[in-house]
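# model this:
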Amino acid sequence: MSYKHFSNTDCEYYPCHGIEDQNCLFCYCPLYLIKDCGGDANFIGSLKDCSKCEKNHNKKSYDFIQTRLKQIFSKLDKGLEMITLGE
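Down below sits the predicted model:
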């Protein structure tokens, strides 16, 4: 389905992960702030290095991201309030 895949071939960094027909829909991975994201991240101290992870750019990335987000959100308490980082 077209909403599951988008390749930004005009981007100056395309393909940033060297994948043929790379999916750019999740250019910035929504799972980055999750320690156990399910991807192939390495940690250098407390710094998360995702440079070798292709989970958010390959052909299965949409389904992978959606599944992980559902799993993560299902663990949140229903009484948890939204937080803001700005004013």
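# Now do the SS call for the residue nearest to Lys35 when sequence neighbours are not counted.
Closest residue to Lys35 apart from its sequence neighbours, by Cβ to Cβ, 6 or more residues apart in numbering: Lys48 at 7.6 Å. Any C-beta I mention is one placed from the backbone N, CA and C, and that applies to glycine too. Three-state call for Lys48 (DSSP: H, G, I helix; E, B strand; the rest coil): strand.
# residue ranges with poor pLDDT in this protein?
Low-confidence segments of the chain, defined by pLDDT under 70, span residues 1, 77-87.
# Swap in 90 and give it another go.
For the chain, the stretches with pLDDT under 90 are 1-3, 5-6, 13-22, 27, 33-36, 46, 51-52, 54, 56-59, 70-87.
# residue closest to the middle of it?
With distances taken as Cα atoms, centre = their mean, the residue of the chain nearest its centroid is Cys29 (2.5 Å).
# I'd guessed that residue sits against Lys48; true?
No: at 10.0 Å, Cys29 does not count as touching Lys48 under the criterion of Cβ atoms under 8 Å.
# contacting residues around the residue nearest to Lys35?
Listed by Cβ atoms under 8 Å, 6 or more residues apart in numbering, the contact partners of Lys48 are Tyr32, Lys35, Ala41, Asn42.
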